[in-house]
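>>> Here is a sequence together with a model predicted from it:
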Amino acid sequence: MYRFEMHTPWGDNFHYFFKWTCISCFIGLLVGAVGMIFGYGVRAVTAVWTEHDWTLYLLPLCGAAIVWLYKTFHEEKNNGTNMVLEAISSDRNITFATAPLIFISTLLTHVAAGSSGREGAALQLGGSLGNQIGRLLDLDEKDKKIAVMCGMSACFAALFGTPLTAGIFSMEVVSIGVMYYAALVPCLFSAFIGAGIARLCGLPPEQFLLETVPQFTLKAAVFTILLGILCAAVSVVFCIILHQSERTYRRLFSNAYVRILAASAIFIILTLLSGTRDYNGSGMELIARCMEGEPVRYEAFLMKMIFTGAVLGAGFKGGEIVPTMCVGATFGAAAGQLLGIDPALCAACGTAALFVGVTNCPVATVFLAFEMFGFQAMPYFALIVAVSFTLSGYYGLYKSQKFIYSKIRTEYINIRSH
């Protein structure tokens, strides 16, 4: 007669499932609530700078405050999202101060209209809180890594309203070619709870559903491939701009205060010379205009890359993901305008192509496209994501991201992103 024992494979799986259901629900509730508060905070400060042009001139003061905060808490060497990724791939610890610092400093960047996102901040905020919860529950090192991924998923989902993307992205972004399947249930549970908390509290998801999608013909497929090739090139250029701007700032200005004040002056001058506020802030307003079919400047994608590099390279905080989406949307919309193809569809495809080009997460990117733009354009999204992922090479936003397997060969390479 068969006697059930917990050390059997089925028993181990059930124990894992029950254990992580409880932990992930707790993380999802707590981190989702913090992410919701953070989301409302970003919306509030964004409303301030869009209504009052003078807030742009607060950028030097906000920048100096950010440097002071990180120096006061001895976090000068805190390398943000890279530290979170290293905590999962190695034994690096995420400091407790990371969460409050990134929360406050991102709001300071946004209130002065800095070209910065918020999802990168969400990964740091969620990862830090997940790590602290793991320590509070006395989890071992391996389980603590899952707790970090749960926190990342919950906060990302709360801010963006894309739980599938958030859950998969946290497992996929660390080591390209290897998915952390042990975190599948915890990350998805945390993500859906985080997104549910945000929606329950009235924080709307970022969603731009396509109303009509042209039939996917051979001509449409060829255009999608060509757009994917161009987007891959743009994603490589964007990564180079971001990394090179950081190196240049550090080489020219060794003092952190001087560095961030110089960046503030550069950003203010760029804004005044451009004659528009389109490239200030995260870029979500510009994405919305692209999705509504409004015409955009052909150079908008390049300007957004320059503005973002000018701010983030010097030490302002936030993230690169929404600016990346903005670059993709404006580039895609411009291509659509130029060739007479539906600009909204091209903007959606460009968004997906740039996202995968800089994050190297094809599975999460396909889910992102579905959750943001709907399933109707599935063939377009699947094709352009595949093309951009393949041709973007080993460039990426995060220096700590590892490519375990080659993009073009079935071989182990284990290199870091450029």
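Perfect, I can see it now.
>>> what sits against L123?
By C-beta atoms under 8 Å, 6 or more residues apart in numbering, the residues touching L123 are T81, V84, M152, C155, F156, S170, G319. For the C-beta atoms, the positions are set from N, CA and C on the backbone; glycine is no exception.
>>> rerun at 10 Å
By C-beta atoms under 10 Å, 6 or more residues apart in numbering, the contact set of L123 is 80-81, 84-85, 102, 148-149, 151-153, 155-156, 159, 166, 169-170, 173, 319, 321, 398.
>>> how about the helix or strand harbouring it: buried residues?
Assigned by DSSP states H and E, L123 falls within helix 119-136. Residues of helix 119-136 classed as buried: 119-134 (neighbour count, 16 or more other C-beta atoms under 10 Å).
>>> Return that helix as CSV; C-alpha atoms alone will do.
What follows is helix 119-136, C-alpha atoms only, in CSV (Å, rounded to 0.1, in the frame of the first residue of the first chain):
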residue,chain,number,x,y,z
GLU,A,119,10.4,50.9,-14.2
GLY,A,120,14.1,50.6,-13.6
ALA,A,121,13.5,52.3,-10.2
ALA,A,122,10.7,49.8,-9.7
LEU,A,123,13.2,46.9,-10.1
GLN,A,124,15.5,48.4,-7.5
LEU,A,125,12.7,49.3,-5.2
GLY,A,126,11.0,45.8,-5.5
GLY,A,127,14.3,43.9,-5.4
SER,A,128,15.4,45.7,-2.2
LEU,A,129,12.1,45.1,-0.5
GLY,A,130,12.1,41.5,-1.6
ASN,A,131,15.6,41.0,-0.2
GLN,A,132,14.6,42.5,3.1
ILE,A,133,11.5,40.3,3.4
GLY,A,134,13.7,37.3,2.6
ARG,A,135,16.0,38.2,5.4
LEU,A,136,13.1,38.9,7.7
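>>> After that helix, which helix or strand is next?
As the chain continues past helix 119-136, the following element, by DSSP H and E, is helix 141-160.
>>> centre of the chain versus the helix holding L123, how much separation?
The chain centroid and the centroid of helix 119-136 are separated by 14 Å, computed with C-alpha atoms, centre = their mean, to the nearest Å.
>>> and E246, what element?
Per DSSP H and E: helix 218-252 holds E246.
>>> For that helix, the averaged confidence score.
Confidence over helix 218-252 (mean pLDDT, whole number) is 97.
>>> could you show me where the helices are in the stretch 301-418 of the chain, in order?
In the stretch 301-418 of the chain, the helices defined using DSSP state H, counting those that start in this stretch lie at 321-339, 343-359, 362-373, 378-391.
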